[in-house]
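Engineer: A structural model of the following input is requested.
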Amino acid sequence: MKKIRIVADDKIPFLRESPLSELCEMTFLPGGRISRADLQSADALITRTRTRCNADTLAGTPVKLIATATIGYDHIDTAYCAEHGIVWKNAPGCNAPSVAQYLTSLLLTLSRRHSLELKGRVIGVIGAGNVGRRVAEAAALLGMTVLLNDPPRAEAEGGSAFVSLDEICKNADVLSFHVPLERGGRHPTFHLADRTFLNRLKPDAFLINTSRGEVVDNSGLKAVLAEGKIRGAALDVWENEPEIDRALMERLDFATPHIAGYSTDGKANGTAASVRTVARFFGLYEAERWFPALPLPETPVLQIDSLADAVRASYDILRDDSALRSSPASFEKLRGNYPLRREFQAFRIRNMESLLPELRDTLKRFGFQG
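Structural biologist: Numbering: from 1, shown residues only. Next up is the predicted model:
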């Protein structure tokens, strides 16, 4: 029987050790350079966001399936795929806990840096899908009041759990974006946070974007930061990646190279989802239940005195911030060679039972083991 032929992004972790490597004929290439010529004999494409899956890449090829190991899919021309019978599948929710870990580290570091009490502060979570929900849960565990904005969900479920963007602009101390990039349709998100939006924020507001770079007007953000109209901002995603605005970077409290969802756990989830997609589509059922074995963190057992200690030991956002500021031109290299980062559940607190009950409960609810 002829093997299924697959072209895959060479930066997708764990994929080489998956059963597909034996069951299929695999070709690994740099994602940003995969072209139509590379797909002339491919049955499927396993990708990340750096491969543009459109007519230029797909026309005249035998590709029947695209599996992207990411939650986002704005790199896929879904209309073209539908018109030409190409099935595509993303990996929704695969990195939601990773982004929540990133936000938790960010918020606790922000609190320490500015002597800002998080408890009782209002966070506006814009986009309440898989990622937004996990971020909202983490913020609530930090004692913050959560406002959710998600027009599609509000329409589908009723509006009682959601608020308008006007209300978030008026009341939020922190705004965190978790929306897909939509340039048209009923709920476009391109430049959702434009200059007009940014001018409506509270003077002490802090803006965070980990969704897509184009959701926030970067030039508008640079202007309001220069004018001191908001407290500050953090960007993990940027317009014109990887050629980021270095003047904007200098004005940010936190600047990272599109790695909020880059925990090892999140990457494994995305890869496993793509393998599952391929296995089901082509009937390779022996690969359907595969999941990679994950390495332990460098220090899996922690002795801590606070939630901030535990979070910082699992992931310190300042390491990624420092890496980007030291070499902005290495944006893609920093992503491609991102170090091991395990999520909260990979860590055990040695002194868990000796901690105060409230702290112990919070740690366990974040996922730390006792």
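Engineer: roughly how far does the most centrally placed residue in the chain sit from residue 99?
Structural biologist: Geometric centre of the chain, nearest residue: residue 261, 3.5 Å, by CA atoms, centre = their mean. Noted for residue 261: a distance of 5 Å to residue 99, by CB to CB, to the nearest Å. Bear in mind the C-beta positions are built from the backbone N, C-alpha and C, glycine included.
Engineer: overlap in contacts, those two.
Structural biologist: Residues touching both residue 261 and residue 99 (CB atoms under 8 Å, 6 or more residues apart in numbering): 131, 210.
Engineer: contacting residues around the residue nearest to the centre of the chain?
Structural biologist: When contacts are counted by CB under 8 Å, 6+ apart, residue 261 touches 71, 94-96, 98-99, 102, 131, 210.
Engineer: tell me the SS of it?
Structural biologist: coil (DSSP: H, G, I helix; E, B strand; the rest coil).
Engineer: not counting sequence-adjacent ones, nearest residue to it?
Structural biologist: Excluding the flanking residues, the one nearest residue 261 by CB to CB, 6 or more residues apart in numbering is residue 95, at 3.1 Å.
Engineer: where does pLDDT dip in the protein?
Structural biologist: For the chain, the stretches flagged by pLDDT under 70 are 1.
Engineer: now residue 244: phi and psi?
Structural biologist: Backbone torsions of residue 244, given as degrees, to the nearest 10, read phi -80, psi 160.
Engineer: what about residue 83, neighbour count?
Structural biologist: Per other CB atoms under 10 Å, the neighbour tally for residue 83 reads 10.
Engineer: I misspoke; the intended subject was residue 159.
Structural biologist: Quick note: residue 159 (other CB under 10 Å) scores 12 neighbours.
Engineer: residue contacts, it?
Structural biologist: If a contact means CB under 8 Å, 6+ apart, then residue 159 has no contacts.
Engineer: one more time with 10 Å
Structural biologist: Counting by CB atoms under 10 Å, 6 or more residues apart in numbering, residue 159 touches 150-151, 153.
Engineer: repeat that for residue 138.
Structural biologist: Under the criterion of CB under 10 Å, 6+ apart, the contact list for residue 138 reads 97, 99-104, 107, 123, 144, 146, 311, 344, 365-366.
Engineer: hmm, 6 Å instead?
Structural biologist: 100, 104 (CB atoms under 6 Å, 6 or more residues apart in numbering).
Engineer: in what helix or strand does it lie?
Structural biologist: Under the criterion of DSSP states H and E, residue 138 resides in helix 130-141.
Engineer: on that earlier part again, redo the contacts of residue 261 as a markdown table? Include secondary structure.
Structural biologist: Putting the contacts of residue 261 into a markdown table (three-state DSSP) gives the following:
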| residue | secondary structure |
| --- | --- |
| 71 | coil |
| 94 | coil |
| 95 | coil |
| 96 | helix |
| 98 | helix |
| 99 | helix |
| 102 | helix |
| 131 | helix |
| 210 | coil |
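Engineer: which one of those residues is nearest to residue 286?
Structural biologist: Nearest to residue 286 out of those is residue 94 (CB to CB; 22.0 Å).
Engineer: phi, psi for the residue lying closest to residue 149 once chain neighbours are set aside please.
Structural biologist: Distances taken as CB to CB, 6+ apart put residue 126 closest to residue 149, at 4.8 Å, once the chain neighbours are dropped. Torsion angles at residue 126 (phi, psi; degrees, to the nearest 10) stand at phi -100, psi 110.
Engineer: what about the residue nearest to residue 261, how many neighbours?
Structural biologist: Residue 95 has 29 neighbours, counted by other CB under 10 Å.
Engineer: before we move on, what about residue 330?
Structural biologist: Counted with other CB under 10 Å, residues neighbouring residue 330 total 15.
Engineer: dump the residue contacts of residue 10.
Structural biologist: With CB under 6 Å, 6+ apart, residue 10 has these contacts: 28-30.
Engineer: that one and residue 32: what is the separation?
Structural biologist: Distance from residue 10 to residue 32, by CB to CB: 11 Å.
Engineer: same thing with residue 141?
Structural biologist: According to CB to CB, residue 141 stands 38 Å off from residue 32.
Engineer: now residue 239
Structural biologist: For residue 239, the distance to residue 32 - CB to CB - is 17 Å.
Engineer: of these two, who's got more company?
Structural biologist: Each of residue 239 and residue 32 has its neighbours counted (other CB under 10 Å); residue 239 has more, 19 against 14.
Engineer: so residue 163 makes contact with residue 146?
Structural biologist: No. Between residue 163 and residue 146 there is no contact under CB atoms under 6 Å: 10.0 Å.
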